[in-house]
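1. sequence first, predicted coordinates after that:
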Amino acid sequence: MTECTMESLVEQLCVGRCVLAPMVRAGTLPLRLLALSYGASGVWSEEIVDHKLMTCQRVENPRVGTVDFVLPDAKGVVFRTCAAETSRLVLQLGTGNDLRAQRAAELCCGDVSAVEVNMGCPKRF
């Protein structure tokens with residue numbers, strides 16, 4: 001069995017590949033799908049804070065063919081994905097707590113191929 005290290009994971013996902021890196025307020029579904037159509041091997045979501053994701057409800061939206069994570073008051077979609085990107089989508093999750101990050105990641109683990117945890121942001125969550 002091959003040992004999984006951060007270096008081997010980065011090499012597997014990124015080295016020699018064209019990817020759409022996480023971008024604040026830009027890495028939404030339309031841009032991710034566009035990047036994939038131009039040959040990106042993987043795409044990252046914009047960073048979503050664990051607290052916000054944990055308040056969302058997962059809703060399958062047959063009208064547009066997406067899976068939406070929506071706020072309980074239906075005031076907005078926090079995260080949207082679709083089958084066309086699931087196998088190449090990495091969710092970037094902002095957190096300050098490992099257990100909370102795990103719970104948030106479990107909410108959407110069936111809709112993404114990987115979860116990248118960002119605990120290095122100086123902003124307190």
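-> That came through, no problem. Numbering: from 1, shown residues only.
2. and stretch 87-100, what's buried?
-> 88-95, 100 (16 or more other CB atoms under 10 Å). Where C-beta positions appear, they are placed from N, C-alpha and C, glycine not excepted.
3. tell me which of the residues you listed fall in helices.
-> Counting by DSSP state H, the part of these found in helices is R100.
4. ok, the buried residues of stretch 87-100 vs P22, which is closest?
-> Proximity of those to P22 (CB to CB) peaks at Q92, which lies at 4.4 Å.
5. quick one: that closest one and N118 touch, right?
-> Yes - using CB atoms under 8 Å, Q92 is in contact with N118, at 5.9 Å.
6. and for the two, which residues touch both?
-> Counting by CB atoms under 8 Å, 6 or more residues apart in numbering, the shared contacts of Q92 and N118 are E47.
7. thinking again about what came up before, mind picking the two most distant members of the buried residues of stretch 87-100?
-> Maximum pairwise distance in the buried residues of stretch 87-100, criterion CB to CB, is 26.2 Å, between R88 and R100.
8. now C14. Nearest residue, chain neighbours left out?
-> Nearest non-adjacent residue to C14, counting by CB to CB, 6 or more residues apart in numbering: G42, 7.8 Å away.
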